[in-house]
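Student: what follows is a predicted protein model with its sequence.
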There are 2 protein chains.
Amino acid sequence: MTANQGTPAETGQPVAHVASPTPAQAQEQVAAAIDRGDLVTIFGHCTVEYDGRASSHLGPGDRLVVCKPDGTTLVHTDEGHQPVNWQPPGCTQDARLRDGQFELHSVRSTPEEELLVTFEELFQVTAYNLTDERELALVGTESDLRDRILDEPALLEPGFSPLATERETSAGAVDIFGEDERGRRVVVELKRRRVGPDAVGQLTRYVDALQRDLHADAEVRGILVAPSVTDRARELLAEKGLEFVALEPETDAVADEPTE
Amino acid sequence: MTANQGTPAETGQPVAHVASPTPAQAQEQVAAAIDRGDLVTIFGHCTVEYDGRASSHLGPGDRLVVCKPDGTTLVHTDEGHQPVNWQPPGCTQDARLRDGQFELHSVRSTPEEELLVTFEELFQVTAYNLTDERELALVGTESDLRDRILDEPALLEPGFSPLATERETSAGAVDIFGEDERGRRVVVELKRRRVGPDAVGQLTRYVDALQRDLHADAEVRGILVAPSVTDRARELLAEKGLEFVALEPETDAVADEPTE
DNA sequence: CTTTGCATCTCGACT
DNA sequence: AGTCGAGGTGCAAAG
């Protein structure tokens, strides 16, 4: 067993590391780390109980548990992008001893939720004080697709004029609301990737609502804008008399050659 | 700097741990761990580039990087449930040296995606061989709600008779298809939690499709089953002549007193 | 606080 | 491999 504690380095911030700790050592280290606002990783053999929006039981197994200073807890197995169990940010953490075992208990309210990780065996406890000011710069989102059309409305169709974004209807906000070259109202629904039936349902709701809201005899066109459509979605569009325009969030040039 | 390597213990499987490694040491340790099929955690100061379905840039910051033996990569900051960057299972990992820096590179195809984590500074590299056979037992899902109604159809309404689950229509599969006491067709859409407008759109699509498919003059009822509805969803239901039944996936007794 | 819809959603099931 | 819908979805913006 090794324990390096205190004496943080100048930039890297090693705060605590214990290999093969006893339950009492783990409890002490984790409780102190949470107190300091460190990010903690725990390798160990554990069981997990969850109760809240649903409830779950997970039998014994080797897992990696991550506790973040914002109250997040993640339980990761050796597989999958998603944690097998978790608790969201804002939860209250408690590292405790119970019947000689180290337990990690996390609670929140609204909604009431509870996570209990019980360790039968501990391989390693580590804590670092991480700081990260930088924000992620992400390109290729739906809002990029919107900006593309607002910059060049003819990409949708010649003569199209955007009048508003996020225009409210009784069924929710429309991505782009505008007029075609003949002065007809146009509802545009944007999707950053290939669309299925759900997107058609969404567009349908907006078009129906706008027809209603304007109590107009005038036609309201509905256009779905996305890179592509599934067959079923195309059928549904046809049934509803709605239209589709193929368009990507980014130009191919930008997508393929980002560094020019 | 400390390095404990090899000689796995009998049940816990400490395989590699290095504090404040040099880039070359990190590359060596991580490459070997990936080779062995270990789960790797890396604490360090890094930048992250992603390009694929979208693309992103993340400037320097302290982060925890997790590499799983199934090809998953997760980049976690000190905040949030979700990783700030990631790569899904099935990717090919490469731990390499470039210009004297340790880089973690992950690639996949269909779709083509690439993640590059470049470490300016390394705090710790750890690898454990985790095994986890146990599956999560989750209660309170939509399928629990379905079973509840199939067990006791009167919970939906007196005289209701389920005829099929996952019944196919031209718009997709209906959760429960049945008949009411007067012999009318009933489409039931289930949601495990409070529903919004999207669920109404879904039910609407199914009811419309079934009307069409049966080319029947006969009325088709649509019933949304969930714990509760939002106001807008209720309005949309009324407009479409659809119905709502309040029902939870689990009985309160079970939800509140699981161990009796 | 709730509502609403996006997301590199992920995941499983089915074709 | 593509389609489809569930999810303890998480998340941010807006009311």
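Tutor: Perfect, I can see it now. For clarity, every value in this text was computed on a predicted model and none was experimentally measured.
Student: contacts, neighbours, all on C-alpha from now
Tutor: OK.
Student: please name the nearest non-neighbouring residue to the most centrally placed residue in chain A.
Tutor: The residue lying closest to the centre of chain A (Cα atoms, centre = their mean) is A:Q82, at 11.0 Å. Excluding its sequence neighbours, the residue lying closest to A:Q82 (Cα to Cα, 6 or more residues apart in numbering or on different chains) is A:H76, at 7.4 Å.
Student: burial count for the one you found?
Tutor: 21 (other Cα atoms under 10 Å in any protein chain shown).
Student: return the set of residues that bridge with it.
Tutor: For A:H76, the beta-bridge partners are A:L64 (DSSP bridges).
Student: please report how far it lies from A:P83.
Tutor: Counting by Cα to Cα, to the nearest Å, the gap from A:H76 to A:P83 is 5 Å.
Student: next one: the nearest residue to A:H45 once chain neighbours are set aside from B:T110, what distance?
Tutor: Take A:H45 and drop its neighbours on the chain: the residue closest to it by Cα to Cα, 6+ apart is A:D62, 4.3 Å away. A:D62 sits 31 Å away from B:T110, going by Cα to Cα.
Student: what do you get for A:S109?
Tutor: 41 Å.
Student: who has more neighbours out of those two?
Tutor: Per other Cα under 10 Å, whichever of A:S109 and B:T110 has more neighbours is A:S109, with 11 against 6.
Student: next one: phi and psi at the more buried one?
Tutor: Note on A:S109: its backbone torsions stand at phi -120, psi 170 [degrees, to the nearest 10].
Student: list the residues that contact it.
Tutor: Listed by Cα atoms under 8 Å, 6 or more residues apart in numbering or on different chains, the contact set of A:S109 is empty.
Student: okay, strands next: where are they in the stretch 51-200 of chain A?
Tutor: In the stretch 51-200 of chain A, the strands defined using DSSP state E, counting those that start in this stretch lie at A:55-67, A:73-76, A:85-87, A:92-98, A:101-108, A:113-128, A:137-139, A:161-169, A:172-179, A:185-190.
Student: B:R146 is nearest to which of those strands?
Tutor: Proximity to B:R146, assessed across the strands of the stretch 51-200 of chain A by Cα to Cα, is greatest for strand A:55-67 (16.9 Å).
Student: A:S170 - how many residues pack around it?
Tutor: Neighbours of A:S170 under the rule other Cα under 10 Å: 15.
Student: got it, and the one 10 residues further on?
Tutor: For A:D180, the number of neighbouring residues by other Cα under 10 Å comes to 16.
Student: related to what we said a few turns ago, look up how far A:P197 lies from the residue nearest to the centre of chain A.
Tutor: Noted for A:Q82: a distance of 26 Å to A:P197, by Cα to Cα.
Student: what about chain A, any weak spots by pLDDT?
Tutor: Residue ranges of chain A with pLDDT under 70: A:1-14, A:216, A:252-260.
Student: for the helix or strand hosting A:Q27, buried residues please.
Tutor: Assigned by DSSP states H and E, A:Q27 belongs to helix A:23-36. By 16 or more other Cα atoms under 10 Å in any protein chain shown, the buried positions in helix A:23-36 come out as A:23, A:25-27, A:29-31, A:33-34.
Student: which strands and helices sit next to that helix?
Tutor: Using 3 or more Cα pairs under 8 Å, 6 or more residues apart in numbering or on different chains; DSSP states H and E, the elements in contact with helix A:23-36 are strand A:14-19, strand A:39-51, strand A:92-98, strand A:101-108, strand A:113-128.
Student: out of the ones you listed, which comes closest to B:Q124?
Tutor: strand A:14-19 (8.3 Å).
Student: tilt between that closest one and strand B:14-19?
Tutor: 160 degrees (axes from the mean of the first three to the mean of the last three Cα atoms, to 10 degrees).
Student: quick check, stretch A:138-150 touching chain B?
Tutor: Yes: contact of stretch A:138-150 with chain B (Cα under 8 Å from any Cα of the partner chain) involves A:138-141.
Student: tell me which residues in that stretch are buried?
Tutor: So stretch A:138-150, judged by 16+ other Cα under 10 Å, has buried residues A:139-142, A:144-146, A:148-150.
Student: filter those residues to keep only those in contact with DNA strand C.
Tutor: Restricting the buried residues of stretch A:138-150 to those touching DNA strand C (Cα under 7 Å from any atom of the strand) yields A:140-142.
Student: show me the domain layout of chain A.
Tutor: A:3-128, A:142-256 (automatic domain parsing).
Student: who's in contact with the helix or strand where A:R212 lies?
Tutor: For A:R212, the host element (DSSP H and E) is helix A:197-213. Applying Cα under 8 Å, 6+ apart, the contact partners of helix A:197-213 are A:169-174, A:187-189, A:191, A:217, A:219-224, A:230, A:232-233, A:236-237, A:240, B:171, B:198, B:201-202, B:205.
Student: of these, which fall within the contact range of DNA strand D?
Tutor: With Cα under 7 Å from any atom of the strand as the criterion, the subset of these in contact with DNA strand D comprises A:230, A:232-233, B:171, B:202.
Student: just grab the bridge partners of A:L104 for me.
Tutor: A:A95, A:V117.
Student: swap in A:S56?
Tutor: A:Y50, B:L138.
Student: how many neighbours does it have?
Tutor: 16.
Student: ok, now A:E112?
Tutor: Neighbours of A:E112 (other Cα under 10 Å): 10.
Student: what's stretch A:168-180 in contact with?
Tutor: When contacts are defined by Cα under 8 Å, 6+ apart, stretch A:168-180 is touched by residues A:146, A:159-167, A:185-190, A:205-206, A:209-210, A:213, B:197, B:232, B:236.
Student: for the residue nearest to A:E28 when sequence neighbours are not counted, give me its contacts.
Tutor: Excluding the flanking residues, the one nearest A:E28 by Cα to Cα, 6+ apart is A:A95, at 8.0 Å. The contact partners of A:A95, by Cα under 8 Å, 6+ apart, come to A:27-28, A:30-31, A:102-105.
Student: how close does A:G90 get to B:S55?
Tutor: For A:G90, the distance to B:S55 - Cα to Cα - is 29 Å.
Student: same deal with A:R221?
Tutor: From A:R221 across to B:S55, the span is 33 Å (Cα to Cα).
Student: and what of A:V65?
Tutor: For A:V65 relative to B:S55 (Cα to Cα), the value is 29 Å.
Student: so between these two, which is more surrounded?
Tutor: It is A:V65, of A:V65 and B:S55, that has more neighbours when counted by other Cα under 10 Å, with 23 against 18.
Student: what about the spatially closest residue to that one that is not a sequence neighbour, neighbour count?
Tutor: In this structure, A:V65 finds its nearest non-sequential neighbour in A:V75, 4.5 Å apart by Cα to Cα, 6+ apart. By other Cα under 10 Å, 21 other residues sit near A:V75.
Student: my guess is A:V75 meets A:K68, correct?
Tutor: No: the pair A:V75 / A:K68 is not scored as a contact, 11.7 Å apart, by Cα atoms under 8 Å.
Student: which single residue of the stretch 1-150 of chain A ends up nearest DNA strand D?
Tutor: The nearest approach of the stretch 1-150 of chain A to DNA strand D comes at A:N85, 3.4 Å away (Cα to the nearest atom of the strand).
Student: let me know how buried that residue is, in neighbour terms.
Tutor: Counted with other Cα under 10 Å, the neighbours of A:N85 add up to 21.
Student: residues in contact with it?
Tutor: Neighbours of A:N85 in contact, by Cα under 8 Å, 6+ apart: A:48, A:50, A:74-76.
Student: what about it, distance to A:R63?
Tutor: As judged by Cα to Cα, A:N85 and A:R63 stand 11 Å apart.
Student: overlap of the contact sets of these two?
Tutor: By the contact definition Cα under 8 Å, 6+ apart, A:N85 and A:R63 are jointly contacted by A:75-76.
Student: returning to that earlier point: let me have the contacts of A:N85 in a markdown table, adding distance to B:E121 as columns.
Tutor: Below are the contacts of A:N85 laid out as a markdown table (distance: Cα to Cα, whole Å):
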| residue | distance to B:E121 |
| --- | --- |
| A:V48 | 34 |
| A:Y50 | 37 |
| A:L74 | 25 |
| A:V75 | 26 |
| A:H76 | 25 |
